[in-house]
Each structure stands twice: as structure tokens, then as C-alpha cells.
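**Student:** Below is the sequence, then the predicted model.
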Amino acid sequence: MGGSLNVIGYGLAAIGPAIAVGLVFAAYINGVARQPESRGMLQPIAILGFALAEALAILGFVLAFINPGVE
Amino acid sequence: MSLSTLATAGGETFEAPSPADFWQPLIGDGAFALTRPMVLMALSFVIIAAVLLATTKRLSVVPANKKQFAVEALYGFVRNGVARDIIGSKEFLRYVPLLFTLFTLILVNNLFGVIPPIQYPTMSRIGFPIALTLVVFVLYHLIGMKRKGVGGYFKSLMPAGVPVFLVPVVYLLELFTYFVSRPLTLAVRLFANMFAGHMLILVLFLGGEHLLLHGEGLLPAAGVVSYLFGLVMSFFELLIQVLQAYIFVLLTATYIAGSLADEH
């Protein structure tokens, strides 16, 4: 059974963005729970923060597919 | 990728799906082949045009049928929920056509990933997101340069209130953000989400089929679990597909708003 260490590396690298995305939505839920009427204003901000945090995971995803040419 | 072979007891080997499975030429081969995503992109254009033309043919102020209501709700979502909220009520109207086009095009092409006879997300080929991103990339720079002049635009990239000795470093970082990391993440985010999601579904269903038909002992039961999980992930994919279309237009609107803003 073969495999690529890149994938393990990507799995480890995804931990950080995963925590970040969790924090973003935790803050969003907190905000809405305290002030339900602020939901419409907070939602785009939360999605935006989510997208920015996710960008790191995406860069890792690209790097995981870069093979040094050794098969 | 060499994750590919996993022999089960029956002697059959399991070929795991790989990025090569996404290359599906229909006519010809090489750089000028007519591929499946190209056909799907054309199909999505036809579908969107047909739906929008049919539902807006006999417009009434009070929506007379459900179809007009649904399309108006979709349009209202992009117009009010994205464009007006992000760009601001003064000049958002100019950019609504672009945002609505991007949203419907990406949404339909993403949904192709789970619609049964098609089942291929167009955006899982990197070329399509790059093309869409190029439009956005050129647009937000042009808007900024038109608004502030070329020199003024490059000056406006600098956030206010940075200590003098940090200015070169921060300016380099800002240049990197505007010219490299923004277009890169915009294109690759859409591509990676569609690609990884489709690959995950492929692994679950193909692997499930293999376990069910060629597995021994308790392995067919694992195949059933794999199928169920694949079904769950398909619905999760549905959520991701809609979310990615929304995020793409949201970020586009944010970049446009950033170019229009007077100060950074």
C-alpha cells in the first residue's frame, strides 16, 4: 500500500484553519445570541472571515498536490 | 498519486479516483480537445438564459406566479443582500449585473456536481475559476484606477496610520495582497472546494461499490456504511456549492467596494 506524505502534511496543516473557522463562527453565534437583530449585519462579516481563514487551508491543498517528481 | 491500489481478498484491485479522472475529453485530445466541462459550461449558459427569459417574459408588479417570485427572490438576494450591503446604496446598481451573472453561473455550474445525469462540477477544472477571477481582477483594479487615477490608486493601497519605518514592508505586503493573494485565493478556493468535494464523493461511492461487491466477511457491511456516508456528503456538498457561489460574489463585491472607497 503506497501513499504520499504530502497528504499527511496537508492533514496537519488543515488543523490551524479548522480552528480558525471554528473561532469565527463561535464569535458569530455569540454575537447573534447577545443581539439577535444584528444577524443581518454580522452574517456577511462572518462569511468573509470564514473565507479568509479558509484561504490558508486552500493554499495547503495546492501544495499537497505538488509532487517532487518522484513516483 | 500513488494512493491508488488496495487489494482485497478477491484478487480484484481497487483503483482509487485520482485527479486524472477529471480530464474527460469528448472530441479530440490534447490542448484543443472539446471536454466535458466545456460542454457543461455551454449548457449552464443555455439553462440560465432559458430560465431567466421564460420567467421574466410577462412581468407584473405583483408576482403572478411562483416562478417569477423565485427568480425575483434570487435577484433580490444578490442585489440587496450582497451588492447593496457591501458596496453601499449609492453606486451599487452598476455592479449588480456582473454580480448576478457571476452568482448564477457559478451556482448552476456547481450544482452540476450533484445533479444525477450530469454529476461533474465544471469548476473542478482550474481553468474556469481562473477565467472568472481574471474578470474580477481586471475589474477591481480598473475601477480603482478610474476613480483615483493610476498614481492615486497605488497610493491608496497603503493603509493610513502606519509608522514611517514600517511603510516599505507594509506596502509590499499590500501589493502582494492586491496582486497575488487575492486573485490566487479567489480562483483556487472555488476550484479546490469543488475538486475536493467531488473527489470525496467519488471515493465514498466507488470504494463502497468495491467493498460491497468484492469484499469478504464483514466488508460488504462497511460498503453499505460507505454508501450512506456518501449520501450524507452529497447533501453536505450541496451546501458547500451554494456557499461557494455566495462567497465568490461576496468577495467580488468586497474588492469592488475596496476600490471605490475613498480612503483605505
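**Tutor:** Good, I have the coordinates. Residues are numbered from 1 along each chain as shown, chains lettered A, B, ... in the order given.

**Student:** Is the biggest helix by length in chain B in proximity to chain A?
**Tutor:** Criterion DSSP state H: the longest helix present in chain B is helix B:219-260. Yes: judged by Cβ under 8 Å from any Cβ of the partner chain, helix B:219-260 comes into contact with chain A at B:243, B:246-247, B:250-251, B:254. The C-beta positions use only the backbone N, C-alpha and C, and glycine is treated the same way.

**Student:** from the stretch 51-200 of chain B, which residue is nearest to chain A?
**Tutor:** The minimum distance from the stretch 51-200 of chain B to chain A, using Cβ to the nearest Cβ, falls at B:Thr185 (4.2 Å).

**Student:** sorry, back to before: and the longest helix of chain B, what other elements does it pack with?
**Tutor:** Packing contacts for helix B:219-260, counted by 3 or more Cβ pairs under 8 Å, 6 or more residues apart in numbering or on different chains; DSSP states H and E, involve helix A:39-64, helix B:85-87, helix B:96-111, helix B:127-148, helix B:182-214.

**Student:** Format those as a markdown table; extra columns: distance to B:Leu26, mean neighbour count and mean pLDDT.
**Tutor:** Formatted as a markdown table, these follow (distance: least, Cβ to Cβ, whole Å; neighbours: other Cβ atoms under 10 Å in any protein chain shown; pLDDT from 0 to 100):
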| stretch | distance to B:Leu26 | mean neighbour count | mean pLDDT |
| --- | --- | --- | --- |
| helix A:39-64 | 27 | 17 | 85 |
| helix B:85-87 | 39 | 21 | 87 |
| helix B:96-111 | 17 | 20 | 94 |
| helix B:127-148 | 16 | 17 | 93 |
| helix B:182-214 | 18 | 20 | 89 |
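
**Student:** need the contact list for B:Ala222.
**Tutor:** By Cβ atoms under 8 Å, 6 or more residues apart in numbering or on different chains, the contact list for B:Ala222 reads B:211, B:215.

**Student:** so how far is chain A from it?
**Tutor:** Going from B:Ala222 to chain A by Cβ to the nearest Cβ, to the nearest Å gives 17 Å.

**Student:** repeat for B:Ile256
**Tutor:** 14 Å.

**Student:** What pLDDT is listed against that residue?
**Tutor:** On the pLDDT scale, B:Ile256 is placed at 92.

**Student:** Next up, the contacts around the nearest residue to B:Pro220 once chain neighbours are set aside.
**Tutor:** Nearest-residue entry for B:Pro220: B:Leu212, 5.0 Å, with adjacent residues in sequence omitted and distances by Cβ to Cβ, 6 or more residues apart in numbering or on different chains. Applying Cβ under 8 Å, 6+ apart to B:Leu212 gives the contacts B:220, B:223-224, B:227.
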